[in-house]
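Q: Give me a model of this one.
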Amino acid sequence: MSDQPRIVDVYLVAAGQFHDIDFARRELLSLLGEHDNIRCRVAADYHDLDGIRASDFLISYTCNVVPTEAEQQGLRDYVASGKRWFALHGTNSILEFLDKGVNSPETAPILMQTLGTQFIAHPPIMPFKVRVADPDHELVSGISEFETDDELYLSRIHGDLHLLLDTHFNGEATGFIESAWHDDEPRPIYYIHRVGAGEVLYLNLGHCRGHYDMRPLMDYYPKIERGSWEKPEYYELLRRAIRYCAERC
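A: Below is the predicted model:
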């Protein structure tokens with residue numbers, strides 16, 4: 001019997017607006033490349049449902065990439081069949097820039113019910129503490145509470161989430177239509193959402209933006225932002241999730 005590990009086929013969707021997608025894509029491919037048996041297909045949308053179905057697990061780093069209703073159902077069926085979807089940062093974001101602020105329309109319910117949350121707002125980027133909610137789970141065990149300078153997602157929750165990391169925020173999300181967030185509920189940072197026989201792993205840290213990523217709103221963004229990508233804890237979380245998904249396919 002051969003001791004060689006089986007090939008694991010991964011489908012990576014990396015695309016969207018207002019983020020340095022090139023940076024995130026490159027970093028994720030580098031992490032996947034640490035595994036000799038992982039083969040990766042890269043796309044900018046969810047149109048290739050046959051390719052996604054043929055993969056062992058799905059990774060996404062997107063913002064304002066909204067699948068069609070048929071694609072949303074296909075993604076839900078994919079996870080429910082026993083597959084895993086490792087969703088990052090803005091995968092659950094739909095943004096409309098209006099005169100009165102940024103709106104997050106709830107126009108893709110199947111997608112958000114599959115992911116387990118929908119992004120609604122975030123306060124101005126500032127340092128905040130990330131708490132380990134389930135220190136016994138292998139995806140986060142041994143990782144201590146840490147501080148990061150990232151977008152703190154305030155989300156509409158769909159379904160029963162198994163929280164791995166969370167934080168607290170009670171205040172205003174300036175610039176968003178739904179700006180008032182005055183309660184002490186834990187804000188999910190990283191969780192598992194069971195869908196049928198499969199799982200969505202959602203880690204909403206990972207904001208990144210370069211000088212040219214806010215077009216057409218502005219031609220040049222003055223500050224390069226790397227958020228949690230500057231934290232060793234973030235890379236450890238990414239590595240563990242890749243390994244977790246690969247070992248269970």
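
Q: Can you name the residues in contact with stretch 167-182?
A: Residues outside stretch 167-182 that contact it (CB atoms under 8 Å, 6 or more residues apart in numbering): 98, 100-104, 120-124, 128-131, 152, 154, 183-184, 186-187, 189. C-beta: built from backbone N, CA, C; applies to glycine.

Q: need the longest helix for this structure.
A: Using DSSP state H, we find that the single longest helix of the chain is helix 232-247.

Q: tell me what that one is packed against?
A: Here helix 232-247 touches helix 21-32, strand 57-63, strand 84-88, strand 146-150, strand 198-203, going by 3 or more CB pairs under 8 Å, 6 or more residues apart in numbering; DSSP states H and E.

Q: quick one, what contacts residue 213?
A: Taking CB under 8 Å, 6+ apart as the test, what residue 213 contacts is 17-21, 221.

Q: ok, so of those, who is nearest residue 164?
A: residue 19 (22.8 Å; CB to CB).

Q: okay, now the closest residue to that closest one other than its chain neighbours: neighbour count?
A: Nearest in space to residue 19, with sequence neighbours left out and distances taken as CB to CB, 6 or more residues apart in numbering, is residue 63 at 5.3 Å. Look at residue 63: counted by other CB atoms under 10 Å, it has 20 neighbours.

Q: Now render the helices and strands packed on helix 232-247 as a markdown table, adding distance to residue 51 and mean pLDDT.
A: Shown next, in a markdown table, are the helices and strands packed on helix 232-247 (distance: least, CB to CB, whole Å; pLDDT from 0 to 100):
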| stretch | distance to residue 51 | mean pLDDT |
| --- | --- | --- |
| helix 21-32 | 16 | 98 |
| strand 57-63 | 10 | 99 |
| strand 84-88 | 14 | 99 |
| strand 146-150 | 31 | 98 |
| strand 198-203 | 17 | 99 |
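
Q: For residue 233, find the nearest of the ones you listed.
A: Going by CB to CB, the one of these nearest residue 233 is strand 146-150, 4.8 Å.

Q: can you state the direction angle for that closest one and helix 232-247?
A: Between strand 146-150 and helix 232-247, the angle comes out at 90 degrees (axes from the mean of the first three to the mean of the last three CA atoms, to 10 degrees).

Q: Quick check: the gap between the residue nearest to residue 19 and residue 89.
A: With distances taken as CB to CB, to the nearest Å, residue 63 is found 7 Å from residue 89.

Q: Mind listing the shared neighbours of those two?
A: Taking CB under 8 Å, 6+ apart as the contact rule, residue 63 and residue 89 both touch residue 19.

Q: Run a quick neighbour tally on residue 228.
A: For residue 228, using other CB under 10 Å, the count is 24.

Q: Out of the helices and strands packed on helix 232-247, the one nearest residue 109 is which?
A: strand 198-203 (15.1 Å).

Q: Contacts for that closest one next, please.
A: Contacts for strand 198-203 (CB under 8 Å, 6+ apart): 78-89, 91-92, 114-117, 139, 165, 188-193, 237-238, 241, 244-245.

Q: Just the buried ones out of those, please.
A: The neighbour count (16 or more other CB atoms under 10 Å) marks 78-79, 83-89, 91-92, 114-117, 139, 165, 188-193, 237-238, 241, 244-245 as buried among the contacts of strand 198-203.

Q: picking up where we left off before, which neighbouring residues are in contact with the residue nearest to residue 19, exactly?
A: Contacts of residue 63 were listed using CB under 8 Å, 6+ apart, and they are 16-19, 89-91, 93, 95.

Q: Right, I'll leave it there.
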